[in-house]
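In: structure for the following, please:
(4 chains)
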There are 2 protein chains.
Amino acid sequence: MALSALFLDIFRANALLVASGDELVAPLGLTSARWQVLGTVAMAPTPQPVAHIARDMGLARQSVQRLVNELAEAGLVDLRDNPHHKRAKLICLSEAGRHSFDAIHKLQRPWVDGLAEGLETEKIAIAAEVLQSLRARLEQRLGDQAE
Amino acid sequence: MALSALFLDIFRANALLVASGDELVAPLGLTSARWQVLGTVAMAPTPQPVAHIARDMGLARQSVQRLVNELAEAGLVDLRDNPHHKRAKLICLSEAGRHSFDAIHKLQRPWVDGLAEGLETEKIAIAAEVLQSLRARLEQRLGDQAE
DNA sequence: ACCGTTTTGACAGCATACTGTCAATTCAAC
DNA sequence: GTTGAATTGACAGTATGCTGTCAAAACGGT
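Out: Sure, this is the predicted structure:
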């Protein structure tokens, strides 16, 4: 079955992307996971609490919680008081975090451009479509049993 | 950039596939990772040592080592003496392992069929092609720096 | 206003994958 | 044949993700 083969490709691509991402941002003292959290925080139109970021990223709340705690300890994000909730602090970039994020951007663009070179845009779009369709089905099935 | 978006889709699809796989084989007391190792062992034309299986799967040697040790402890695989290497035992399925593998197959087929339903085969093929191309590029780049 | 439900972060523990290091073994070059 | 390089498994440690449980806080229906 073609789909089973695709699964293996997804596993490998995922592993390689994480490894390559780690390598890419290592000079900045970051990792793939922290970079992704930092990016989500940076892109949010307004500071969000951890649980909201986790939903945005499709990760478990506690995974993001730990990463945010580490980023806060590293001084890359600040925990701002939330007027609407005493415990759920709002996460926003610190000065250093903004710096790191900008530096990542400069590294990321040529990296992605190099990877994309020679790949047909339409095929990338089709691949994304297939993965999103897969995602929807998997999420629905997991939801069926969990809730 | 379209490719960056695809990366996020790959991350999510990977996480969901692992979670769904865990759920699928949980009744058999297995996990996604062990299932994949078991499958690789079962599919090998002849019993292979751990390091060879790891290369087959694109995983680090030690990751597979641990999983194989656990599978051996669970009695699903046997470690057969290797006439060509005193330390590198050959991994092969035990009776129980063969049983589990057959049971997995029966579970897996309807699951995959259900997921594939409505997906166009050509699009799946294109997605696989994109991911393989991506894999080749990422592997090459990582290799550049590591070796 | 009150009480039950939901959300949230803290804490603890597990599974998976990675890396680095070491000793035993095999292999290859000479 | 001997010696140096590569392979292999054991052991230890790290990063990421998950889950479960708990108490504090917020929310909602009555």
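In: please count neighbours and contacts with C-alpha atoms only from this point.
Out: Will do.
In: the helix or strand where residue A:66 lies vs DNA strand C: in contact?
Out: Per DSSP states H and E: residue A:66 is located in helix A:61-73. Yes: using Cα under 7 Å from any atom of the strand, helix A:61-73 reaches DNA strand C at A:61, A:62, A:65, A:69.
In: quick check, nearest of those residues to chain B?
Out: residue A:61 (14.4 Å; Cα to the nearest Cα).
In: any idea how far residue A:116 is from that closest one?
Out: Residue A:61 is 32 Å from residue A:116, where distance means Cα to Cα, to the nearest Å.
In: is DNA strand D contacted by the helix holding residue A:66?
Out: Yes: contact of helix A:61-73 with DNA strand D (Cα under 7 Å from any atom of the strand) involves A:61, A:62, A:63, A:64, A:67.
In: which of the residues you listed has the most neighbours?
Out: Using other Cα atoms under 10 Å in any protein chain shown as the neighbour criterion, residue A:64 leads these with 22 neighbours.
In: returning to that earlier point: off-centre distance for the helix holding residue A:66?
Out: The gap between where helix A:61-73 is centred and where its chain is centred comes out at 13 Å by Cα atoms, centre = their mean, to the nearest Å.
In: return the set of buried residues in the helix or strand just after it.
Out: Using DSSP H and E, the helix or strand that directly follows helix A:61-73 along the chain is strand A:77-82. Residues of strand A:77-82 classed as buried by neighbour count (16 or more other Cα atoms under 10 Å in any protein chain shown): A:77, A:78, A:79.
In: give me the outermost residue of chain A relative to its centroid.
Out: residue A:1 (30.3 Å; Cα atoms, centre = their mean).
In: what separation do you get for that residue and residue B:52?
Out: Taking Cα to Cα, one finds residue A:1 at 25 Å from residue B:52.
In: equivalent analysis for residue A:88, please.
Out: For residue A:88, the distance to residue B:52 - Cα to Cα - is 49 Å.
In: ok, now residue A:52?
Out: Counting by Cα to Cα, the gap from residue A:52 to residue B:52 is 43 Å.
In: chain A: strands as residue ranges?
Out: A:77-82, A:85-93 (DSSP state E).
In: could I get the ones you listed as JSON lines with distance to chain B and mean pLDDT?
Out: What follows is the strands of chain A, written out as JSON lines (distance: least, Cα to the nearest Cα, whole Å; pLDDT from 0 to 100):
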{"stretch": "strand A:77-82", "distance to chain B": "22", "mean pLDDT": "93"}
{"stretch": "strand A:85-93", "distance to chain B": "21", "mean pLDDT": "91"}
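In: can stretch A:85-104 be said to contact DNA strand D?
Out: Yes: looking at stretch A:85-104 against DNA strand D by Cα under 7 Å from any atom of the strand, the contacts come from A:85, A:86, A:87.
In: so where's chain A uncertain?
Out: A:143-147 (pLDDT under 70).
In: find the centremost residue of it, please.
Out: Closest-to-mean residue, chain A, Cα atoms, centre = their mean: residue A:36 / 3.4 Å.
In: mind listing what that one touches?
Out: For residue A:36, the contact set (Cα atoms under 8 Å, 6 or more residues apart in numbering or on different chains) is empty.
In: now chain A against chain B: closest residue?
Out: residue A:127 (4.0 Å).
In: the closest residue to that residue other than its chain neighbours and residue A:131, how far apart?
Out: Excluding its sequence neighbours, the residue lying closest to residue A:127 (Cα to Cα, 6 or more residues apart in numbering or on different chains) is residue B:127, at 4.0 Å. In this view, residue B:127 and residue A:131 are 8 Å apart by Cα to Cα.
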